[in-house]
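Asks: Sequence and computational prediction follow.
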Amino acid sequence: MTRPQVVLVGPMGVGKSTVGQLLAARLGVGYRDTDDDIVAEQGRTIAEIFVDEGEPVFRAIEKAAVRRALTEHDGVLALGGGSILDEDTRALLAGQRVVYLSMDVEEAVQRTGLNAARPLLAVNPRKQWRELMEARRHLYEGIATAVVATDGRTPEEVTQAALDALELKEA
Ligand SMILES: Nc1ncnc2c1ncn2[C@@H]1O[C@H](COP(=O)(O)OP(=O)(O)OP(=O)(O)O)[C@@H](O)[C@H]1O
Ligand SMILES: O=C(O)C1=C[C@@H](O)[C@@H](O)[C@H](O)C1
Ligand SMILES: [Mg+2]
């Protein structure tokens, strides 16, 4: 069994995939993303899983995917934005190096826009994002080793801030 060097959490569109890949390159390790794992394993998009089977089934698939990735991957791991809703998943994250990437609502709307690939933001992105964050902010903060604000920062600046916050050295 192994464990990731860094786990990235945060809401949809905050830059987990973008920053995760930059961080992995800087650390000289691999990058993995549980949303990508789910799409590969299921052979369909996340939006399709939500439409075909509903959110509870997606969450069960996600929980298994996160558990697997946390024990298999030793690089940078980005989790789906809602994965921290699960209590068992939060327990697995205790003791790991977890970075919460944060942003405010205006930045969120700019980054996610009206992107139909994000089923939870499909109707009224600004209102839905605010509601999601009211329910989740304390969960992200509760499991984070470090909180890195991404507003007004380039992906490279966010990556540097994460390395600094974790006091990690580059490869
Ligand atoms: N620091 C940043 N500044 C500006 N734009 C950014 C930044 N980081 C990411 N982006 C842009 O925001 C969008 C979402 O980024 P990304 O896909 O990395 O987020 P994510 O957290 O992985 O989202 P998802 O929840 O869909 O997995 C992309 O278009 C990306 O280019
Ligand atoms: O925040 C969420 O609940 C989600 C985030 C994405 O990463 C995907 O896992 C999916 O769109 C759900
Ligand atoms: Mg992503």
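Replies: Good, I have the coordinates. Numbers count the residues shown, from 1 in each chain. Ligands and ions are numbered 1, 2, ... in the order given.

Asks: Now do the same contact list for A149.
Replies: Residues near A149 by C-beta atoms under 8 Å, 6 or more residues apart in numbering: 102-103, 161. For the C-beta atoms, the positions are set from N, CA and C on the backbone; glycine is no exception.

Asks: Pretty sure L166 sits against L8.
Replies: No - contact between L166 and L8 fails when scored by C-beta atoms under 8 Å: they sit 11.2 Å apart.

Asks: Can you work out which residues contact both of these two?
Replies: By C-beta under 8 Å, 6+ apart, the residues touching both L166 and L8 are V99.

Asks: burial measure for K63, as a count.
Replies: 17 (other C-beta atoms under 10 Å).

Asks: cool, and A146?
Replies: The criterion is other C-beta under 10 Å. On that basis, A146 has 16 neighbouring residues.

Asks: Next: S83.
Replies: 21.

Asks: hang on, isn't it packed against I61?
Replies: No - counting by C-beta under 8 Å, S83 stays clear of I61, with 10.8 Å between them.

Asks: Now list whatever residues contact both of the two.
Replies: With C-beta under 8 Å, 6+ apart as the test, S83 and I61 reach no residue in common.

Asks: circling back: return only those of the contacts of A149 found close to ligand 2.
Replies: Within the set of the contacts of A149, contact with ligand 2 (C-beta under 6 Å from any ligand atom) is found for no member.

Asks: for the residues you listed, which one is nearest R137?
Replies: S102 (8.3 Å; C-beta to C-beta).

Asks: Which strand residues bridge that closest one?
Replies: A149 (DSSP bridges).

Asks: so what's it up against?
Replies: So S102 contacts 10-11, 14, 140, 147-151 (C-beta under 8 Å, 6+ apart).

Asks: Throw the residues you listed into TSV and include pLDDT, thanks.
Replies: Converted to TSV, these look like this (pLDDT from 0 to 100):
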residue	pLDDT
G10	97
P11	92
V14	92
Y140	98
V147	98
V148	98
A149	97
T150	97
D151	95
